[in-house]
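Peer 1: task: produce atomic coordinates for the following.
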Amino acid sequence: MIALLASFLISTNATARELVASCRTMVPANVELSGRIILRNRKGISQAEHDYVLSRSNSVTRLTVDGQPCAPSSDSSQRSSSICGTDVTWSDLTLDYLWWDDISFDAAREGESVHGQVCAVVVLKKGDRTVRIWIDRKTGALMQAEEFEGDRAVRRLWGTRIKKFGERWMANVLEVETAGSGHRTKITVEELK
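Peer 2: Residues are numbered from 1 along each chain as shown. Below you'll find the predicted structure:
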């Protein structure tokens with residue numbers, strides 16, 4: 001099935017909706033991830049570290065940071081608010097924008113590469129929020145995401161390392177940067193159950 005899906009994605013005829021649906025299949029439906037959120041200054045020196053546990057079961061997502069529940073309201077502005085003063089938001093950890101309904105190609109950026117992988121570039125919108133994502137056309141993997149305010153990118157997320165957990169390959173180190181903040185946050189995935 002995955003090989004069939006991968007060969008489908010190489011096709012330039014895949015719609016933006018089909019590419020995003022494929023990307024969603026790589027996000028485990030029932031999972032528990034745990035790791036660290038590390039805020040670093042421009043020189044890479046750690047400023048703050050937090051433990052997190054993200055669990056998803058039966059379409060319900062729960063997040064704890066340093067042992068405390070962290071749940072945003074349905075208000076989209078809270079989903080894009082930083083966690084513990086880092087660059088990380090609820091949306092970064094849950095990738096909730098992959099389930100938004102307003103999906104279209106960014107034709108001007110089609111075929112851009114991220115880490116040497118040719119990508120489809122897709123724009124997702126919900127209310128006043130806009131996220132641009134880069135999806136590897138060969139694998140359907142999410143390679144990078146940027147959140148916008150108006151026409152200006154204000155935050156960027158990208159994977160820097162992948163690891164095999166059981167039979168599943170996934171990014172185990174992600175970087176998140178808020179434009180003009182003077183710092184960057186690293187998200188590590190240390191355990192996947």
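Peer 1: following the lowest-mean-pLDDT helix or strand in the chain, which helix or strand shows up next?
Peer 2: Among the helices and strands of the chain, helix 2-10 carries the lowest confidence by mean pLDDT, DSSP states H and E, at a mean of 42. Using DSSP states H and E, the next helix or strand after helix 2-10 towards the C-terminus is helix 16-25.
Peer 1: quick one: the strands in this protein?
Peer 2: Using DSSP state E, the strands assigned to the chain run over residues 31-41, 46-57, 60-65, 68-69, 102-105, 113-114, 117-126, 129-136, 142-149, 152-165, 168-178, 183-192.
Peer 1: helices or strands up against the third one?
Peer 2: Using 3 or more C-beta pairs under 8 Å, 6 or more residues apart in numbering; DSSP states H and E as the contact criterion, the secondary-structure elements in contact with strand 60-65 are strand 46-57, helix 90-94. Using the backbone N, CA and C atoms, a C-beta is placed for each residue, glycine as well.
Peer 1: mean pLDDT lowest for which of those?
Peer 2: Per-stretch mean pLDDT for those is lowest at helix 90-94 (a mean of 85).
Peer 1: what is that helix packed up against?
Peer 2: When contacts are defined as 3+ C-beta pairs under 8 Å, 6+ apart, helix 90-94 sits against strand 46-57, strand 60-65, helix 76-79.
Peer 1: what is the distance between it and the centre of its chain?
Peer 2: Put simply, helix 90-94 sits 7 Å off its chain's centre (C-alpha atoms, centre = their mean, to the nearest Å).
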